[in-house]
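Participant: Next comes the sequence, and after it the predicted model I'd like to discuss.
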Amino acid sequence: MSPAKLALLLLTLLLAGCMAPTGMAATPAGSAPPADLDFSATRLGDNGIFRATYKSDIDPTPLNELHAWTLHVETADGAPVEHATIRVSGDMPEHGHGMPTQPQVTQELGGGDYRVEGMRFQMGGWWTVTFDIEAGGANDRVTFNLRLK
Amino acid sequence: MSVMHRQKLWRTGVLVAALSLLTACTLKLNAAIWSADELQTLRSLSLTALKPLPPDPSNAVADDPAAAALGKRIFFDTRFSANGAVSCASCHMPERHFTDGRPFGVGVGVIPLNVMTLVGAAYSPWQTWNGKSDSQWSQALLPLENALEHGGDRTFYAHLIAEHYAGEYTAIFGPLPDLSDATRFPRHAGPVDAVAASIAWETMAAADRDAVNRVFANIGKALAASERTLLPRPARFDRYVATLGDDGRPQGASVLTEDEIAGLRIFIGKGKCINCHNGPRFTNDAFHNTAVPGAPGYPLQRGRIDGVARVQNDIFNCLGPYSDAAPEACSALRFMVTEGVTLVGSMKTPTLRNVAETAPYMHTGQMATLADVVAHYSGGGYALLGHNELTPLNLSAQEAAQLEAFLHTLTEEPGQ
(Lines give C-alpha, C1' and ligand atoms only; values in the text may rest on other atoms or scores of the structure.)
Protein backbone atom coordinates (compact mmCIF):
# COMPACT_ATOMS: atom_id res chain seq x y z
CA MET A 1 0.00 0.00 0.00
CA SER A 2 1.37 3.39 -0.99
CA PRO A 3 1.88 5.95 1.77
CA ALA A 4 -0.89 8.08 0.20
CA LYS A 5 -3.38 5.23 0.32
CA LEU A 6 -2.30 4.43 3.86
CA ALA A 7 -2.90 8.04 4.89
CA LEU A 8 -6.30 8.02 3.18
CA LEU A 9 -7.24 4.82 5.01
CA LEU A 10 -6.15 6.39 8.30
CA LEU A 11 -8.26 9.46 7.55
CA THR A 12 -11.31 7.33 6.73
CA LEU A 13 -10.95 5.29 9.92
CA LEU A 14 -10.56 8.40 12.04
CA LEU A 15 -13.54 10.01 10.41
CA ALA A 16 -15.63 6.91 11.09
CA GLY A 17 -14.48 6.81 14.70
CA CYS A 18 -15.15 10.47 15.24
CA MET A 19 -18.62 10.38 13.76
CA ALA A 20 -19.75 7.70 16.16
CA PRO A 21 -21.73 9.00 19.14
CA THR A 22 -19.65 9.44 22.27
CA GLY A 23 -21.92 7.09 24.15
CA MET A 24 -21.27 4.19 21.83
CA ALA A 25 -19.42 2.23 24.49
CA ALA A 26 -22.69 1.88 26.36
CA THR A 27 -24.75 -1.14 25.34
CA PRO A 28 -28.34 -1.61 26.39
CA ALA A 29 -28.92 -4.02 29.25
CA GLY A 30 -29.72 -7.50 27.93
CA SER A 31 -31.38 -8.01 24.59
CA ALA A 32 -33.42 -5.20 23.17
CA PRO A 33 -37.21 -5.40 23.39
CA PRO A 34 -39.09 -6.07 20.13
CA ALA A 35 -39.12 -3.01 17.88
CA ASP A 36 -42.90 -3.00 17.47
CA LEU A 37 -43.82 -2.87 21.17
CA ASP A 38 -47.09 -1.12 21.91
CA PHE A 39 -46.61 1.26 24.83
CA SER A 40 -50.14 2.61 24.87
CA ALA A 41 -52.05 2.86 28.14
CA THR A 42 -55.18 1.30 26.64
CA ARG A 43 -55.01 -2.25 25.31
CA LEU A 44 -57.34 -5.04 24.33
CA GLY A 45 -56.92 -8.40 26.08
CA ASP A 46 -55.40 -11.48 24.46
CA ASN A 47 -58.87 -13.02 24.09
CA GLY A 48 -60.42 -9.84 22.71
CA ILE A 49 -63.04 -9.77 25.49
CA PHE A 50 -61.94 -6.91 27.77
CA ARG A 51 -60.19 -3.64 27.07
CA ALA A 52 -58.30 -1.96 29.92
CA THR A 53 -56.76 1.46 30.50
CA TYR A 54 -54.30 2.29 33.27
CA LYS A 55 -53.50 5.62 34.84
CA SER A 56 -50.65 6.03 37.29
CA ASP A 57 -51.22 8.28 40.32
CA ILE A 58 -47.75 9.64 39.67
CA ASP A 59 -46.92 10.67 36.12
CA PRO A 60 -44.48 9.73 34.72
CA THR A 61 -44.55 6.34 36.43
CA PRO A 62 -41.72 6.60 38.99
CA LEU A 63 -38.87 4.32 40.02
CA ASN A 64 -38.47 3.24 43.66
CA GLU A 65 -41.67 4.84 44.80
CA LEU A 66 -44.75 3.05 45.99
CA HIS A 67 -47.77 4.37 44.15
CA ALA A 68 -51.22 3.40 42.92
CA TRP A 69 -52.84 2.93 39.53
CA THR A 70 -56.42 3.23 38.47
CA LEU A 71 -57.43 0.51 36.05
CA HIS A 72 -60.48 0.98 33.91
CA VAL A 73 -61.99 -2.20 32.48
CA GLU A 74 -64.60 -2.34 29.75
CA THR A 75 -65.88 -4.86 27.26
CA ALA A 76 -64.56 -4.85 23.71
CA ASP A 77 -67.57 -2.75 22.71
CA GLY A 78 -67.06 -0.21 25.49
CA ALA A 79 -69.40 -1.24 28.35
CA PRO A 80 -67.83 -0.82 31.84
CA VAL A 81 -67.02 -4.12 33.54
CA GLU A 82 -68.02 -4.27 37.21
CA HIS A 83 -67.31 -6.79 39.98
CA ALA A 84 -64.28 -8.19 38.19
CA THR A 85 -61.67 -10.31 39.93
CA ILE A 86 -58.29 -8.95 38.91
CA ARG A 87 -54.78 -10.24 39.51
CA VAL A 88 -51.72 -8.09 38.86
CA SER A 89 -48.16 -9.07 37.98
CA GLY A 90 -45.16 -7.20 36.66
CA ASP A 91 -42.17 -8.52 34.77
CA MET A 92 -38.91 -7.37 33.23
CA PRO A 93 -38.54 -9.77 30.32
CA GLU A 94 -34.88 -8.88 29.84
CA HIS A 95 -33.95 -9.53 33.46
CA GLY A 96 -35.99 -12.54 34.53
CA HIS A 97 -37.54 -10.84 37.55
CA GLY A 98 -40.66 -8.92 38.39
CA MET A 99 -41.66 -6.16 40.75
CA PRO A 100 -40.33 -5.78 44.31
CA THR A 101 -43.94 -5.67 45.52
CA GLN A 102 -47.09 -7.72 45.01
CA PRO A 103 -49.68 -5.13 43.97
CA GLN A 104 -53.36 -5.75 44.61
CA VAL A 105 -56.69 -4.38 43.53
CA THR A 106 -57.85 -2.85 46.81
CA GLN A 107 -61.07 -1.11 45.82
CA GLU A 108 -63.71 -1.13 43.14
CA LEU A 109 -64.39 2.52 42.38
CA GLY A 110 -67.43 2.04 40.16
CA GLY A 111 -67.96 2.63 36.46
CA GLY A 112 -65.47 -0.12 35.62
CA ASP A 113 -62.66 1.57 37.59
CA TYR A 114 -60.45 -0.30 40.07
CA ARG A 115 -57.78 0.99 42.44
CA VAL A 116 -54.51 -0.93 42.21
CA GLU A 117 -52.22 -0.34 45.18
CA GLY A 118 -48.67 -1.47 45.86
CA MET A 119 -47.19 -0.59 42.49
CA ARG A 120 -43.42 -0.21 42.65
CA PHE A 121 -40.71 -0.52 40.00
CA GLN A 122 -37.08 -0.89 40.97
CA MET A 123 -35.29 -0.65 37.62
CA GLY A 124 -35.35 1.44 34.50
CA GLY A 125 -36.04 -0.30 31.21
CA TRP A 126 -38.75 -2.36 29.57
CA TRP A 127 -41.51 -3.62 31.86
CA THR A 128 -44.68 -5.56 31.26
CA VAL A 129 -47.59 -5.26 33.68
CA THR A 130 -50.25 -7.94 33.24
CA PHE A 131 -53.81 -7.91 34.52
CA ASP A 132 -55.70 -11.20 34.59
CA ILE A 133 -59.34 -10.18 34.55
CA GLU A 134 -62.28 -12.42 35.32
CA ALA A 135 -65.86 -11.14 35.15
CA GLY A 136 -69.22 -12.62 34.31
CA GLY A 137 -67.68 -16.01 33.61
CA ALA A 138 -65.25 -14.61 31.04
CA ASN A 139 -61.46 -14.41 31.32
CA ASP A 140 -58.99 -12.17 29.61
CA ARG A 141 -55.42 -11.03 30.03
CA VAL A 142 -54.35 -7.47 29.31
CA THR A 143 -50.63 -6.71 29.20
CA PHE A 144 -49.17 -3.21 29.16
CA ASN A 145 -45.65 -2.36 28.08
CA LEU A 146 -43.82 0.40 29.93
CA ARG A 147 -40.47 1.98 29.36
CA LEU A 148 -39.27 3.44 32.65
CA LYS A 149 -36.38 5.77 33.34
CA MET B 1 5.25 20.89 -10.41
CA SER B 2 6.61 17.37 -10.81
CA VAL B 3 4.40 14.35 -10.31
CA MET B 4 6.50 13.34 -7.32
CA HIS B 5 6.18 16.79 -5.76
CA ARG B 6 2.39 16.71 -6.20
CA GLN B 7 2.18 13.31 -4.57
CA LYS B 8 4.27 14.52 -1.65
CA LEU B 9 2.03 17.54 -1.14
CA TRP B 10 -1.06 15.33 -1.31
CA ARG B 11 0.38 12.94 1.26
CA THR B 12 1.27 15.79 3.59
CA GLY B 13 -2.19 17.29 3.20
CA VAL B 14 -3.92 14.05 4.08
CA LEU B 15 -1.67 13.53 7.10
CA VAL B 16 -2.29 17.05 8.38
CA ALA B 17 -6.04 16.53 7.97
CA ALA B 18 -5.83 13.22 9.81
CA LEU B 19 -3.88 14.77 12.68
CA SER B 20 -6.31 17.67 13.01
CA LEU B 21 -9.20 15.26 13.06
CA LEU B 22 -7.48 13.16 15.71
CA THR B 23 -7.09 16.26 17.89
CA ALA B 24 -10.69 17.30 17.36
CA CYS B 25 -11.87 13.78 18.10
CA THR B 26 -9.92 13.64 21.35
CA LEU B 27 -11.25 17.03 22.41
CA LYS B 28 -14.78 15.93 21.69
CA LEU B 29 -14.40 12.82 23.85
CA ASN B 30 -12.77 14.81 26.64
CA ALA B 31 -15.61 17.27 26.72
CA ALA B 32 -17.91 14.43 27.89
CA ILE B 33 -21.07 15.77 26.44
CA TRP B 34 -24.13 13.94 27.69
CA SER B 35 -27.22 13.22 25.63
CA ALA B 36 -30.61 14.41 26.88
CA ASP B 37 -31.40 10.89 28.14
CA GLU B 38 -28.05 10.58 29.89
CA LEU B 39 -28.43 14.00 31.46
CA GLN B 40 -31.81 12.99 32.84
CA THR B 41 -30.21 9.87 34.30
CA LEU B 42 -27.35 11.81 35.87
CA ARG B 43 -29.74 14.28 37.45
CA SER B 44 -31.82 11.40 38.83
CA LEU B 45 -28.69 10.24 40.67
CA SER B 46 -27.88 13.62 42.13
CA LEU B 47 -28.75 14.40 45.75
CA THR B 48 -30.83 17.31 44.50
CA ALA B 49 -33.29 14.63 43.31
CA LEU B 50 -33.62 13.21 46.83
CA LYS B 51 -37.19 13.54 47.99
CA PRO B 52 -38.12 14.52 51.57
CA LEU B 53 -37.80 11.68 54.06
CA PRO B 54 -41.02 9.66 54.02
CA PRO B 55 -42.85 9.47 57.36
CA ASP B 56 -42.71 6.31 59.46
CA PRO B 57 -46.34 5.90 60.55
CA SER B 58 -45.35 2.94 62.74
CA ASN B 59 -43.24 5.23 64.95
CA ALA B 60 -45.17 8.12 66.48
CA VAL B 61 -41.96 9.76 67.73
CA ALA B 62 -39.96 9.27 64.53
CA ASP B 63 -39.59 13.01 64.01
CA ASP B 64 -39.60 14.09 67.67
CA PRO B 65 -36.29 15.83 68.50
CA ALA B 66 -36.53 14.76 72.16
CA ALA B 67 -36.83 11.13 71.07
CA ALA B 68 -33.89 11.59 68.70
CA ALA B 69 -31.82 13.05 71.55
CA LEU B 70 -32.66 10.10 73.82
CA GLY B 71 -31.97 7.68 70.99
CA LYS B 72 -28.59 9.23 70.36
CA ARG B 73 -27.58 8.78 74.00
CA ILE B 74 -28.67 5.14 73.97
CA PHE B 75 -26.89 4.65 70.62
CA PHE B 76 -23.54 5.39 72.30
CA ASP B 77 -24.32 3.80 75.68
CA THR B 78 -22.27 0.63 76.23
CA ARG B 79 -24.33 -0.27 79.30
CA PHE B 80 -26.85 -1.63 76.78
CA SER B 81 -24.90 -4.85 76.31
CA ALA B 82 -24.15 -8.07 78.14
CA ASN B 83 -20.52 -7.16 78.80
CA GLY B 84 -20.92 -3.41 79.24
CA ALA B 85 -18.58 -2.76 76.33
CA VAL B 86 -20.81 -2.75 73.24
CA SER B 87 -23.00 0.03 71.92
CA CYS B 88 -24.67 0.57 68.54
CA ALA B 89 -21.67 2.75 67.72
CA SER B 90 -19.30 -0.20 68.20
CA CYS B 91 -20.29 -1.31 64.69
CA HIS B 92 -22.03 1.79 63.34
CA MET B 93 -19.08 4.14 63.79
CA PRO B 94 -19.88 7.77 62.97
CA GLU B 95 -16.34 8.38 61.71
CA ARG B 96 -16.73 5.50 59.23
CA HIS B 97 -20.08 6.56 57.83
CA PHE B 98 -21.72 4.31 60.42
CA THR B 99 -19.93 1.16 59.29
CA ASP B 100 -16.93 -0.48 61.01
CA GLY B 101 -14.30 -1.24 58.38
CA ARG B 102 -14.34 -4.94 59.26
CA PRO B 103 -15.64 -7.89 57.24
CA PHE B 104 -17.85 -9.04 60.16
CA GLY B 105 -19.51 -7.03 62.86
CA VAL B 106 -17.95 -7.44 66.31
CA GLY B 107 -20.19 -7.13 69.35
CA VAL B 108 -19.98 -9.38 72.39
CA GLY B 109 -19.24 -12.01 69.75
CA VAL B 110 -18.54 -12.00 66.03
CA ILE B 111 -21.52 -11.65 63.71
CA PRO B 112 -20.81 -13.20 60.32
CA LEU B 113 -22.41 -10.35 58.40
CA ASN B 114 -20.99 -7.07 57.16
CA VAL B 115 -22.27 -3.94 58.92
CA MET B 116 -24.50 -1.80 56.72
CA THR B 117 -24.37 1.97 56.91
CA LEU B 118 -27.21 3.85 58.59
CA VAL B 119 -26.84 6.91 56.37
CA GLY B 120 -30.04 7.35 54.40
CA ALA B 121 -31.38 4.01 55.67
CA ALA B 122 -34.58 5.72 56.84
CA TYR B 123 -35.65 5.93 53.20
CA SER B 124 -35.68 2.16 52.79
CA PRO B 125 -38.85 0.12 53.31
CA TRP B 126 -36.67 -2.78 54.49
CA GLN B 127 -33.73 -2.89 56.88
CA THR B 128 -30.73 -5.28 56.95
CA TRP B 129 -29.26 -7.37 54.14
CA ASN B 130 -32.27 -9.66 53.91
CA GLY B 131 -34.88 -7.09 54.93
CA LYS B 132 -35.97 -8.88 58.07
CA SER B 133 -37.30 -5.61 59.54
CA ASP B 134 -39.84 -3.23 58.04
CA SER B 135 -38.79 -0.21 60.10
CA GLN B 136 -35.67 1.20 61.67
CA TRP B 137 -37.14 0.86 65.16
CA SER B 138 -37.93 -2.83 64.83
CA GLN B 139 -34.48 -3.37 63.30
CA ALA B 140 -32.79 -1.64 66.23
CA LEU B 141 -34.26 -4.22 68.62
CA LEU B 142 -32.70 -7.22 66.87
CA PRO B 143 -29.02 -6.62 67.74
CA LEU B 144 -29.94 -5.72 71.32
CA GLU B 145 -31.18 -9.29 71.91
CA ASN B 146 -28.82 -11.11 69.55
CA ALA B 147 -26.38 -13.23 71.56
CA LEU B 148 -23.47 -12.20 69.32
CA GLU B 149 -24.26 -8.48 69.15
CA HIS B 150 -25.34 -6.71 72.36
CA GLY B 151 -26.21 -10.01 73.99
CA GLY B 152 -28.82 -8.63 76.39
CA ASP B 153 -32.54 -9.14 76.86
CA ARG B 154 -35.57 -6.88 77.05
CA THR B 155 -36.21 -6.74 80.81
CA PHE B 156 -32.54 -5.84 81.29
CA TYR B 157 -32.93 -2.94 78.87
CA ALA B 158 -36.20 -1.85 80.46
CA HIS B 159 -34.45 -1.78 83.85
CA LEU B 160 -31.60 0.30 82.35
CA ILE B 161 -34.13 2.84 81.05
CA ALA B 162 -35.78 3.04 84.49
CA GLU B 163 -32.40 3.47 86.17
CA HIS B 164 -30.70 5.92 83.79
CA TYR B 165 -33.22 7.54 81.46
CA ALA B 166 -36.51 7.60 83.37
CA GLY B 167 -36.97 11.38 83.05
CA GLU B 168 -36.35 11.60 79.30
CA TYR B 169 -38.32 8.43 78.62
CA THR B 170 -41.36 9.55 80.63
CA ALA B 171 -41.40 12.97 78.96
CA ILE B 172 -41.60 11.30 75.54
CA PHE B 173 -43.53 8.09 76.07
CA GLY B 174 -45.41 8.58 79.34
CA PRO B 175 -45.05 6.64 82.59
CA LEU B 176 -42.74 3.67 82.88
CA PRO B 177 -44.16 0.49 84.37
CA ASP B 178 -43.08 -0.13 87.95
CA LEU B 179 -40.32 -2.68 87.49
CA SER B 180 -39.25 -2.82 91.15
CA ASP B 181 -40.74 -6.27 91.87
CA ALA B 182 -37.86 -8.54 90.90
CA THR B 183 -40.13 -11.57 90.88
CA ARG B 184 -42.43 -10.09 88.29
CA PHE B 185 -39.67 -8.32 86.37
CA PRO B 186 -36.45 -10.36 86.57
CA ARG B 187 -33.19 -8.58 85.79
CA HIS B 188 -32.76 -10.84 82.77
CA ALA B 189 -35.70 -12.10 80.77
CA GLY B 190 -36.51 -12.18 77.09
CA PRO B 191 -37.08 -14.52 74.15
CA VAL B 192 -33.34 -14.98 73.69
CA ASP B 193 -30.81 -17.81 73.29
CA ALA B 194 -29.66 -17.56 76.91
CA VAL B 195 -31.59 -20.36 78.63
CA ALA B 196 -32.16 -18.75 82.05
CA ALA B 197 -33.44 -15.48 80.57
CA SER B 198 -35.61 -17.37 78.12
CA ILE B 199 -37.23 -19.46 80.88
CA ALA B 200 -37.67 -16.35 83.04
CA TRP B 201 -39.48 -14.69 80.14
CA GLU B 202 -41.81 -17.65 79.67
CA THR B 203 -42.78 -17.58 83.32
CA MET B 204 -43.66 -13.89 83.38
CA ALA B 205 -47.33 -12.84 83.33
CA ALA B 206 -48.59 -11.89 79.87
CA ALA B 207 -49.44 -8.35 81.02
CA ASP B 208 -45.94 -7.87 82.46
CA ARG B 209 -44.38 -9.15 79.25
CA ASP B 210 -46.51 -6.67 77.33
CA ALA B 211 -45.37 -3.82 79.60
CA VAL B 212 -41.73 -4.75 78.99
CA ASN B 213 -42.31 -5.16 75.26
CA ARG B 214 -43.67 -1.63 75.15
CA VAL B 215 -40.59 -0.17 76.82
CA PHE B 216 -38.39 -2.25 74.55
CA ALA B 217 -40.27 -1.03 71.45
CA ASN B 218 -39.92 2.55 72.64
CA ILE B 219 -36.16 2.11 72.97
CA GLY B 220 -36.18 1.13 69.29
CA LYS B 221 -38.37 4.10 68.40
CA ALA B 222 -36.00 6.53 70.12
CA LEU B 223 -33.01 4.93 68.38
CA ALA B 224 -34.82 5.17 65.04
CA ALA B 225 -35.68 8.84 65.64
CA SER B 226 -31.95 9.44 66.01
CA GLU B 227 -30.99 7.30 63.01
CA ARG B 228 -33.49 9.13 60.79
CA THR B 229 -31.37 12.24 61.11
CA LEU B 230 -28.44 10.54 59.32
CA LEU B 231 -28.89 11.67 55.74
CA PRO B 232 -26.51 11.56 52.77
CA ARG B 233 -24.51 14.70 52.12
CA PRO B 234 -23.29 16.04 48.77
CA ALA B 235 -20.29 14.45 47.10
CA ARG B 236 -18.04 15.58 44.25
CA PHE B 237 -20.35 13.69 41.88
CA ASP B 238 -23.25 15.94 42.90
CA ARG B 239 -21.12 19.01 42.31
CA TYR B 240 -20.28 17.69 38.83
CA VAL B 241 -23.93 17.13 37.90
CA ALA B 242 -24.70 20.67 39.08
CA THR B 243 -22.21 21.99 36.49
CA LEU B 244 -24.03 20.32 33.60
CA GLY B 245 -26.15 22.63 31.52
CA ASP B 246 -29.37 21.59 29.83
CA ASP B 247 -27.30 20.95 26.69
CA GLY B 248 -25.41 18.23 28.59
CA ARG B 249 -22.15 20.19 28.61
CA PRO B 250 -20.23 21.01 31.78
CA GLN B 251 -19.89 24.70 32.58
CA GLY B 252 -16.57 25.91 33.93
CA ALA B 253 -13.68 23.81 35.19
CA SER B 254 -14.34 20.09 35.26
CA VAL B 255 -15.13 18.72 38.68
CA LEU B 256 -14.41 15.14 37.62
CA THR B 257 -11.35 13.77 35.85
CA GLU B 258 -11.55 12.16 32.41
CA ASP B 259 -11.26 8.71 33.95
CA GLU B 260 -14.00 9.42 36.49
CA ILE B 261 -16.28 10.66 33.71
CA ALA B 262 -15.50 7.57 31.65
CA GLY B 263 -16.31 5.49 34.73
CA LEU B 264 -19.60 7.31 35.16
CA ARG B 265 -20.42 6.54 31.54
CA ILE B 266 -19.76 2.85 32.22
CA PHE B 267 -21.83 3.04 35.42
CA ILE B 268 -24.94 4.19 33.58
CA GLY B 269 -24.21 2.22 30.41
CA LYS B 270 -22.16 -0.87 29.72
CA GLY B 271 -21.69 -1.61 33.43
CA LYS B 272 -25.46 -1.73 34.04
CA CYS B 273 -24.70 -0.72 37.63
CA ILE B 274 -27.59 1.69 37.47
CA ASN B 275 -30.08 -1.16 37.09
CA CYS B 276 -29.96 -1.64 40.86
CA HIS B 277 -27.89 1.30 42.10
CA ASN B 278 -30.32 3.93 40.91
CA GLY B 279 -31.79 7.10 42.38
CA PRO B 280 -29.97 9.66 44.53
CA ARG B 281 -28.97 7.08 47.15
CA PHE B 282 -27.66 4.73 44.46
CA THR B 283 -29.93 1.92 45.61
CA ASN B 284 -33.34 0.63 44.59
CA ASP B 285 -33.87 -0.85 48.09
CA ALA B 286 -34.76 -4.14 46.41
CA PHE B 287 -33.32 -7.65 46.78
CA HIS B 288 -31.12 -9.16 44.11
CA ASN B 289 -29.05 -12.28 43.61
CA THR B 290 -25.82 -11.40 41.83
CA ALA B 291 -23.99 -14.65 42.58
CA VAL B 292 -21.93 -13.13 45.35
CA PRO B 293 -20.21 -15.98 47.14
CA GLY B 294 -20.51 -15.99 50.94
CA ALA B 295 -17.56 -15.96 53.27
CA PRO B 296 -15.69 -19.28 53.09
CA GLY B 297 -16.38 -21.59 56.01
CA TYR B 298 -19.70 -20.02 56.99
CA PRO B 299 -23.21 -21.26 56.22
CA LEU B 300 -24.76 -19.92 53.02
CA GLN B 301 -27.00 -16.93 53.60
CA ARG B 302 -30.46 -17.66 52.17
CA GLY B 303 -31.14 -13.95 51.84
CA ARG B 304 -34.55 -12.44 51.31
CA ILE B 305 -36.52 -15.67 51.74
CA ASP B 306 -35.42 -15.77 55.39
CA GLY B 307 -36.04 -12.05 55.79
CA VAL B 308 -39.64 -12.46 54.61
CA ALA B 309 -40.33 -15.23 57.13
CA ARG B 310 -38.72 -13.25 59.92
CA VAL B 311 -40.55 -9.98 59.32
CA GLN B 312 -43.91 -11.74 58.98
CA ASN B 313 -43.48 -13.24 62.44
CA ASP B 314 -42.02 -10.17 64.14
CA ILE B 315 -44.35 -8.82 66.85
CA PHE B 316 -42.60 -5.48 66.36
CA ASN B 317 -43.53 -5.19 62.69
CA CYS B 318 -45.80 -2.46 61.33
CA LEU B 319 -48.93 -4.58 61.76
CA GLY B 320 -48.03 -5.69 65.28
CA PRO B 321 -49.41 -4.48 68.64
CA TYR B 322 -46.48 -2.10 69.30
CA SER B 323 -46.74 -0.26 65.99
CA ASP B 324 -48.38 3.17 65.88
CA ALA B 325 -49.60 2.73 62.31
CA ALA B 326 -53.06 2.02 61.04
CA PRO B 327 -52.92 -1.33 59.20
CA GLU B 328 -53.52 0.28 55.81
CA ALA B 329 -50.40 2.42 56.32
CA CYS B 330 -48.20 -0.71 56.49
CA SER B 331 -47.62 -0.69 52.76
CA ALA B 332 -44.30 -2.56 52.81
CA LEU B 333 -45.88 -5.54 54.53
CA ARG B 334 -49.21 -5.34 52.75
CA PHE B 335 -47.62 -5.58 49.33
CA MET B 336 -44.63 -7.74 50.23
CA VAL B 337 -43.56 -10.43 47.78
CA THR B 338 -43.76 -13.64 49.80
CA GLU B 339 -42.87 -16.33 47.29
CA GLY B 340 -40.86 -17.00 44.17
CA VAL B 341 -37.34 -18.00 43.21
CA THR B 342 -36.12 -14.39 43.22
CA LEU B 343 -36.29 -14.39 47.03
CA VAL B 344 -33.69 -17.14 47.32
CA GLY B 345 -30.14 -15.96 47.91
CA SER B 346 -31.00 -12.34 47.22
CA MET B 347 -29.70 -9.45 49.31
CA LYS B 348 -30.66 -5.80 49.53
CA THR B 349 -28.86 -3.46 47.16
CA PRO B 350 -26.60 -1.34 49.38
CA THR B 351 -26.22 2.40 48.85
CA LEU B 352 -23.06 3.48 47.03
CA ARG B 353 -22.88 6.85 48.76
CA ASN B 354 -19.49 6.92 50.57
CA VAL B 355 -18.74 3.47 49.17
CA ALA B 356 -15.01 4.14 48.77
CA GLU B 357 -14.86 4.76 52.54
CA THR B 358 -16.87 1.73 53.63
CA ALA B 359 -14.74 -1.29 52.68
CA PRO B 360 -14.92 -4.24 52.87
CA TYR B 361 -17.89 -5.13 50.70
CA MET B 362 -20.82 -7.50 50.23
CA HIS B 363 -22.98 -9.17 52.86
CA THR B 364 -20.13 -10.96 54.54
CA GLY B 365 -17.44 -8.41 53.76
CA GLN B 366 -15.79 -11.02 51.56
CA MET B 367 -14.47 -8.49 49.05
CA ALA B 368 -11.73 -6.30 50.45
CA THR B 369 -11.61 -3.63 47.77
CA LEU B 370 -13.75 -1.92 45.17
CA ALA B 371 -11.47 -3.48 42.55
CA ASP B 372 -12.55 -6.91 43.84
CA VAL B 373 -16.20 -5.93 43.54
CA VAL B 374 -15.79 -4.60 40.00
CA ALA B 375 -13.87 -7.76 39.08
CA HIS B 376 -16.80 -9.87 40.34
CA TYR B 377 -19.32 -8.01 38.23
CA SER B 378 -17.02 -8.02 35.24
CA GLY B 379 -16.20 -11.72 35.40
CA GLY B 380 -19.61 -12.98 36.52
CA GLY B 381 -20.28 -15.79 38.93
CA TYR B 382 -22.31 -18.86 39.73
CA ALA B 383 -25.10 -18.63 42.29
CA LEU B 384 -24.92 -21.48 44.81
CA LEU B 385 -28.50 -20.63 45.79
CA GLY B 386 -31.34 -19.29 43.69
CA HIS B 387 -31.39 -17.54 40.35
CA ASN B 388 -28.34 -15.53 39.32
CA GLU B 389 -29.27 -12.15 37.82
CA LEU B 390 -25.70 -11.26 36.94
CA THR B 391 -24.39 -11.40 33.38
CA PRO B 392 -20.64 -10.82 33.11
CA LEU B 393 -19.73 -7.30 32.00
CA ASN B 394 -16.37 -8.24 30.48
CA LEU B 395 -14.83 -4.87 31.26
CA SER B 396 -11.31 -4.13 30.04
CA ALA B 397 -8.71 -3.40 32.71
CA GLN B 398 -8.97 0.27 31.80
CA GLU B 399 -12.78 0.28 32.07
CA ALA B 400 -12.64 -1.48 35.44
CA ALA B 401 -10.18 1.12 36.72
CA GLN B 402 -12.36 3.95 35.40
CA LEU B 403 -15.48 2.51 37.05
CA GLU B 404 -13.61 2.26 40.32
CA ALA B 405 -12.38 5.84 39.92
CA PHE B 406 -15.97 7.00 39.49
CA LEU B 407 -17.08 5.23 42.68
CA HIS B 408 -14.59 7.39 44.59
CA THR B 409 -16.52 10.51 43.56
CA LEU B 410 -19.49 9.45 45.73
CA THR B 411 -17.77 10.27 49.02
CA GLU B 412 -19.36 13.18 50.84
CA GLU B 413 -17.22 16.29 50.90
CA PRO B 414 -16.20 17.94 54.14
CA GLY B 415 -18.16 21.03 55.02
CA GLN B 416 -21.07 20.14 52.77
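Facilitator: That came through fine. Only a predicted model underlies this, so the values are computations on that prediction, with no experimental measurement involved.

Participant: Now do the same contact list for the nearest residue to residue A:84 once chain neighbours are set aside.
Facilitator: In this structure, residue A:84 finds its nearest non-sequential neighbour in residue A:135, 3.8 Å apart by CB to CB, 6 or more residues apart in numbering or on different chains. All C-beta atoms are positioned from the backbone trio N, CA, C, and that covers glycine. Counting by CB atoms under 8 Å, 6 or more residues apart in numbering or on different chains, residue A:135 touches A:50, A:73, A:81-85.

Participant: Identify, from the residues you listed, the entry nearest to chain B.
Facilitator: residue A:85 (18.0 Å; CB to the nearest CB).

Participant: Run a quick neighbour tally on the closest one.
Facilitator: 10 (other CB atoms under 10 Å in any protein chain shown).

Participant: Could you do residue B:247 as well?
Facilitator: 10.

Participant: And what about the nearest residue to it once chain neighbours are set aside, helix, strand or coil?
Facilitator: In this structure, residue B:247 finds its nearest non-sequential neighbour in residue B:33, 7.8 Å apart by CB to CB, 6+ apart. The three-state label given to residue B:33 by DSSP: H, G, I helix; E, B strand; the rest coil is coil.

Participant: one step back: now, the contacts of residue A:135 that are in strands?
Facilitator: A:50, A:73, A:85 (DSSP state E).

Participant: so what's the spatially closest residue to the second one that is not a sequence neighbour scoring on pLDDT?
Facilitator: Computed as CB to CB, 6+ apart, the closest residue to residue A:73 that is not its neighbour in sequence is residue A:81, at 4.2 Å. For residue A:81, the pLDDT comes out at 98.

Participant: What's the local residue count around residue A:81?
Facilitator: Going by other CB under 10 Å, the residues that sit close to residue A:81 add up to 23.

Participant: just residue A:77 next, same as before
Facilitator: 6.

Participant: Just the strands from chain A, written as ranges.
Facilitator: Ranges of strands in chain A, per DSSP E, are A:42-44, A:50-56, A:67-75, A:85-92, A:97-98, A:104-110, A:113-119, A:125-135, A:138-148.

Participant: which stretch in those strands has the least confidence?
Facilitator: strand A:97-98 (a mean of 90).

Participant: Show me what that strand packs onto, helices and strands only.
Facilitator: strand A:85-92 (3 or more CB pairs under 8 Å, 6 or more residues apart in numbering or on different chains; DSSP states H and E).

Participant: is any part of the strand it packs on close to chain B?
Facilitator: No - Strand A:85-92 lies out of reach of chain B by CB under 8 Å from any CB of the partner chain, never closer than 9.3 Å.

Participant: Give me the neighbour count for the spatially closest residue to residue B:401 that is not a sequence neighbour.
Facilitator: Nearest residue to residue B:401, sequence neighbours excluded (CB to CB, 6+ apart): residue B:259, at 7.1 Å. Neighbours of residue B:259 under the rule other CB under 10 Å: 15.

Participant: gap between residue B:259 and residue B:252?
Facilitator: 19 Å (CB to CB, to the nearest Å).

Participant: One more: residue B:44?
Facilitator: The value you get for residue B:44 to residue B:252, if CB to CB is used, is 22 Å.

Participant: looking at the strands of chain A, which is closest to residue B:358?
Facilitator: Closest of those to residue B:358 is strand A:97-98, at 26.5 Å (criterion: CB to CB).

Participant: Got the phi and psi for the residue in chain B positioned nearest to chain A?
Facilitator: Nearest residue of chain B to chain A (CB to the nearest CB) works out as residue B:269 at 2.4 Å. Dihedral pair for residue B:269: phi -120, psi -110, per degrees, to the nearest 10.

Participant: For it, report the pLDDT, please.
Facilitator: Value for residue B:269, per-residue pLDDT: 96.

Participant: now residue B:12
Facilitator: 57.

Participant: Same check on residue A:34?
Facilitator: 86.

Participant: Near chain A, which residues of the stretch 301-416 of chain B are found?
Facilitator: B:331, B:334-338, B:340, B:342, B:387, B:389, B:391.

Participant: And those residues, which two are furthest apart?
Facilitator: Among those, B:334 and B:391 lie farthest apart (CB to CB), at 33.0 Å.

Participant: Among the two, which residue is more densely surrounded?
Facilitator: residue B:334 (19 against 13).

Participant: And the closest residue to the more buried one other than its chain neighbours, how close does it get to residue A:96?
Facilitator: Spatial nearest neighbour of residue B:334, excluding adjacent residues (CB to CB, 6+ apart): residue A:118 at 6.6 Å. Here residue A:118 is placed at a distance of 21 Å from residue A:96 (CB to CB).
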